[in-house]
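# let me see the structure of the following:
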Amino acid sequence: MAVNKEMPVLIVDDYKTMLRIIRNLLRQLGFSNVEEASDGATALQKMRRQDFGLVISDWNMEPMTGLQLLKEVRSDDRLKSTPFIMITAESKTENVIAAKKAGVNNYIVKPFNASTLKTKMTSVIGEF
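Numbering: from 1, shown residues only. Reported below is the predicted structural model:
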């Protein structure tokens, strides 16, 4: 089944520049229905109001980190099956393990390009 590129995608990052970069990469890949949140708490509020086909979240944010957001999402019966990709500048093994244990679907290390994003997204949501 082909992925619907109209599905809402939520990107979460506390850096406006990163939000813009990810939004532009998603646009290049054909996704136009993109919502933004600048922290985990805001992202959670948006997720409780609207269904998203994919969440792409930065790891390092205040006050709620991407890992804390992921744990909140996975512990919520309505949200727990939402595909979730974590983005981080650090490729520490313990971070990858912590994210996997928390239920992340995939992991991207910065810097990355549209090709990397497409590969990771395809592994999580299927071909598009």
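# for the helix or strand of the chain with the lowest mean pLDDT, packing partners?
Within the chain, no helix or strand scores below helix 93-102, which has a mean of 93 by mean pLDDT, DSSP states H and E. With contacts taken as 3 or more C-beta pairs under 8 Å, 6 or more residues apart in numbering; DSSP states H and E, helix 93-102 sits against helix 66-75, strand 106-109. C-betas here are computed from N, CA, C, even on glycine.
# one more pass at 7 Å, please.
Applying 3 or more C-beta pairs under 7 Å, 6 or more residues apart in numbering; DSSP states H and E, one finds that helix 93-102 contacts helix 66-75.
# tell me the angle the helix or strand following the helix it packs on makes with helix 93-102.
With elements assigned by DSSP states H and E, the helix or strand that comes after helix 66-75 is strand 84-88. For strand 84-88 against helix 93-102, the angle by axes from the mean of the first three to the mean of the last three C-alpha atoms, to 10 degrees is 160 degrees.
# which residues touch the least confident helix or strand of the chain?
59, 67, 70-71, 74, 86, 88, 107 (C-beta atoms under 7 Å, 6 or more residues apart in numbering).
# I'd like those residues laid out as JSON lines, including neighbour count, distance to Val12 and pLDDT.
Formatted as JSON lines, these follow (neighbours: other C-beta atoms under 10 Å; distance: C-beta to C-beta, whole Å; pLDDT from 0 to 100):
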{"residue": "Trp59", "neighbour count": "23", "distance to Val12": "10", "pLDDT": "95"}
{"residue": "Leu67", "neighbour count": "21", "distance to Val12": "12", "pLDDT": "97"}
{"residue": "Leu70", "neighbour count": "24", "distance to Val12": "10", "pLDDT": "98"}
{"residue": "Lys71", "neighbour count": "18", "distance to Val12": "14", "pLDDT": "98"}
{"residue": "Arg74", "neighbour count": "15", "distance to Val12": "15", "pLDDT": "98"}
{"residue": "Met86", "neighbour count": "28", "distance to Val12": "10", "pLDDT": "97"}
{"residue": "Thr88", "neighbour count": "19", "distance to Val12": "12", "pLDDT": "91"}
{"residue": "Tyr107", "neighbour count": "17", "distance to Val12": "15", "pLDDT": "95"}
